[in-house]
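Trainee: Provide a 3D model corresponding to the input given below.
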Amino acid sequence: MATASPPQRSPLMTPSFLLAADLKARYRPQREWVEGRGLFLIVAHFLSGAGAAAWLLAVPLNGPPGLVVGWVLVALSGLAHLAFLGKPARFWRMARRPHSSWISRGLLGLAVFLLSGGGFLGLAWLGQGGSALGQGLFWLSLLGAAWLLVYKGFVWASAKGIPLWNTPLVPILYLVYGLRGGLAALLLVALAQPRAGELAAMETLKLWLGLSSALLVLVYVAVMRGTGLTAAASVRALLRGQAAAVFYLGVVLLGLVWPIALGAYALATPVSGVVLASVGLTSLLGDLALLYAVARAGLYRPLPA
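Mentor: Numbering: from 1, shown residues only. Sure, this is the predicted structure:
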């Protein structure tokens, strides 16, 4: 007989025992992308979103330092992807299916961005960034960054068996959170520079994105609560179950309340760089927490009786 709630993992549980227990639960939890090596995928998507957005936003806001930080973050996401796959050889096998796999499309976009962006930075370091080759690589890197920012939401939304993810709201949510992460990274970069003239624009954009993402999270939770029984069970897991602690402490407190409150205060009254840095750091932690909480709350539709 199916049980209402999935079992919580214990160090004493063997994989076969855990699988058998999950299959007895009415709503089987998704564990592949949130436990063990699956955590590397959460980190990879967090870094690729923040890095790609930092690269795109650095063009009008921060310039070369932001471009370098954006490229490094995406490169780190590539390492996290490899750690998730376990064996680097799997990268090439997974990248050979762009016609049918969003993961494959994302890996190809990652390779395009790293090669073109790295090539542009190398030419810029040699003083050839404005050459025809440099500009060609730069525009190609912008396309790669835009693709990285968009694709990961579709990776999660393509999981048809998990209603909490299988919604058009997820790509929008992850796009907004990627932009938040990129802006937070650029805010920290600007604070580390002797002259941070673009801080006022960043603070305003960060506050606007914080308010927008808060509204989007509310809409996402409200819509998914009424989408079906499995999605409603996932929302309960998010608000009162296994993902609740990360959701309230990470997503709500660190990712929304603290950055929005301090961001609004900073617009009215000058604040120290330390306070602004806390806005950037907590915002990044909140972005990572959102990816983990939504992944953790994912439940499969019940198996046919």
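Trainee: quick one, helices of the stretch 201-305 of the chain?
Mentor: Taking DSSP state H, counting those that start in this stretch, the helices of the stretch 201-305 of the chain run over residues 229-240, 244-245, 258-268, 273-296.
Trainee: and for the second one, what's in contact with it?
Mentor: Put plainly, it is helix 244-245. Outside helix 244-245, the residues that touch it by C-beta atoms under 8 Å, 6 or more residues apart in numbering are 237, 238. Backbone N, C-alpha and C define where each C-beta goes, glycine included.
Trainee: please apply the same query to stretch 123-133.
Mentor: 64, 119, 120, 134, 135, 137, 138.
Trainee: from the middle of its chain, how far away would that stretch be?
Mentor: How far stretch 123-133 lies from its chain's middle: 31 Å, per C-alpha atoms, centre = their mean, to the nearest Å.
Trainee: go on, stretch 70-87?
Mentor: For stretch 70-87, the distance to the chain centre is 13 Å (C-alpha atoms, centre = their mean).
Trainee: with stretch 67-84 instead?
Mentor: Remark: stretch 67-84 is offset 12 Å from the chain centroid, using C-alpha atoms, centre = their mean.
Trainee: would you mind listing the buried residues in that stretch?
Mentor: For stretch 67-84, burial by neighbour count (16 or more other C-beta atoms under 10 Å) applies to 67-71, 73-78, 80-81, 84.
Trainee: likewise for stretch 153-166?
Mentor: Buried-residue list, stretch 153-166, by 16+ other C-beta under 10 Å: 153, 154, 155, 156, 157, 159, 162, 163, 164, 165, 166.
Trainee: first-to-last residue distance for that stretch?
Mentor: 10 Å (C-alpha to C-alpha, to the nearest Å).
Trainee: need the contact partners of it.
Mentor: Here stretch 153-166 makes contact (C-beta under 8 Å, 6+ apart) with 30, 45, 102-103, 106, 167-168, 170-175, 224, 227-228, 230-231, 234-235, 238, 294-295, 297-301.
Trainee: rerun that using 7 Å as the cut-off
Mentor: With contacts defined as C-beta atoms under 7 Å, 6 or more residues apart in numbering, stretch 153-166 is touched by 30, 102-103, 106, 167-168, 170-171, 173-175, 224, 227-228, 230-231, 234, 294, 297-301.
Trainee: just the buried ones among the residues you listed, please.
Mentor: Buried among those by 16+ other C-beta under 10 Å: 30, 102-103, 106, 167, 170-171, 173-175, 224, 227, 230-231, 234, 294, 297-301.
Trainee: what pLDDT does residue 244 get?
Mentor: Residue 244 carries a pLDDT value of 95.
Trainee: just the CA trace of whichever strand or helix holds residue 73, in PDB.
Mentor: Assigned by DSSP states H and E, residue 73 falls within helix 64-85. Extracted in PDB, the C-alpha atoms of helix 64-85 (Å, rounded to 0.1, in the frame of the first residue of the first chain):
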ATOM      1  CA  PRO A  64      36.500  44.000 -18.100                       C
ATOM      2  CA  PRO A  65      36.500  43.000 -14.400                       C
ATOM      3  CA  GLY A  66      32.900  41.800 -14.700                       C
ATOM      4  CA  LEU A  67      33.600  39.900 -17.900                       C
ATOM      5  CA  VAL A  68      36.500  38.100 -16.300                       C
ATOM      6  CA  VAL A  69      34.400  37.100 -13.200                       C
ATOM      7  CA  GLY A  70      31.500  36.000 -15.400                       C
ATOM      8  CA  TRP A  71      33.800  33.800 -17.500                       C
ATOM      9  CA  VAL A  72      35.400  32.300 -14.400                       C
ATOM     10  CA  LEU A  73      32.000  31.500 -12.800                       C
ATOM     11  CA  VAL A  74      30.900  29.700 -16.000                       C
ATOM     12  CA  ALA A  75      34.200  27.800 -16.200                       C
ATOM     13  CA  LEU A  76      33.600  26.600 -12.600                       C
ATOM     14  CA  SER A  77      30.200  25.500 -13.600                       C
ATOM     15  CA  GLY A  78      31.800  23.400 -16.300                       C
ATOM     16  CA  LEU A  79      33.900  21.700 -13.600                       C
ATOM     17  CA  ALA A  80      30.800  21.100 -11.500                       C
ATOM     18  CA  HIS A  81      29.000  19.600 -14.500                       C
ATOM     19  CA  LEU A  82      32.000  17.200 -15.000                       C
ATOM     20  CA  ALA A  83      31.800  16.300 -11.200                       C
ATOM     21  CA  PHE A  84      28.100  15.600 -11.600                       C
ATOM     22  CA  LEU A  85      28.700  13.300 -14.600                       C
END
